[in-house]
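Undergrad: 3D model of this:
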Amino acid sequence: MRELVCTICGKKAVGCQVFGCCGSYVCHEHADKPLQDLKPGEKLDLGGRYYLRLKDESNEEVDTSVDTEGVE
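TA: Numbers count the residues shown, from 1 in each chain. Predicted coordinates for the structure are as follows:
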């Protein structure tokens, strides 16, 4: 499996952020704060914004979710 890289700078991606219909893999430096705050494997759905933190070791996506109740 190939390593996922940041679409902005080419460094190793830590996660994916999606805004409406557009998404990209990003490194820690280019990740939005909500993505930076997630633990490996967590997901966060904020309506039109969706964040997925990849597992550290393998860049694999996993099926866990974060409770978004009370998050703005």
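
Undergrad: I figured Lys55 hits Lys39, correct?
TA: No. Lys55 is beyond contact range of Lys39, at 10.0 Å (criterion: CB atoms under 8 Å). For glycine as for every other residue, the C-beta is placed from the backbone atoms N, C-alpha and C.

Undergrad: Between the two, tell me which one has more neighbours.
TA: Lys55 (12 against 9; other CB atoms under 10 Å).

Undergrad: Could you check how far the more buried one is from Cys22?
TA: 23 Å (CB to CB, to the nearest Å).

Undergrad: Over to Asp45?
TA: Per CB to CB, Asp45 is found 16 Å from Cys22.

Undergrad: So if I had to pick from those two, which one is more boxed in?
TA: Legend: neighbour count by other CB under 10 Å for Asp45 and Cys22, higher for Asp45 (14 against 7).

Undergrad: and for Lys55 and Lys39, which residues touch both?
TA: Shared contacts of Lys55 and Lys39, defined by CB atoms under 8 Å, 6 or more residues apart in numbering, are absent.

Undergrad: Contacts only, for Cys6.
TA: Applying CB under 8 Å, 6+ apart, the residues near Cys6 are 12-13, 25-27, 29-30.

Undergrad: switch the cut-off to 7 Å
TA: With contact taken as CB atoms under 7 Å, 6 or more residues apart in numbering, Cys6 is in contact with 13, 25-27, 30.

Undergrad: Now it: closest residue in space that isn't a chain neighbour?
TA: Cys27 (3.9 Å; CB to CB, 6 or more residues apart in numbering).

Undergrad: residue contacts, the one you found?
TA: Each residue near Cys27 by CB under 7 Å, 6+ apart is listed here: 6, 9, 11-14.

Undergrad: ok, and the most crowded of those?
TA: That'd be Val14 among the contacts of Cys27, by other CB under 10 Å, with 24 neighbours.
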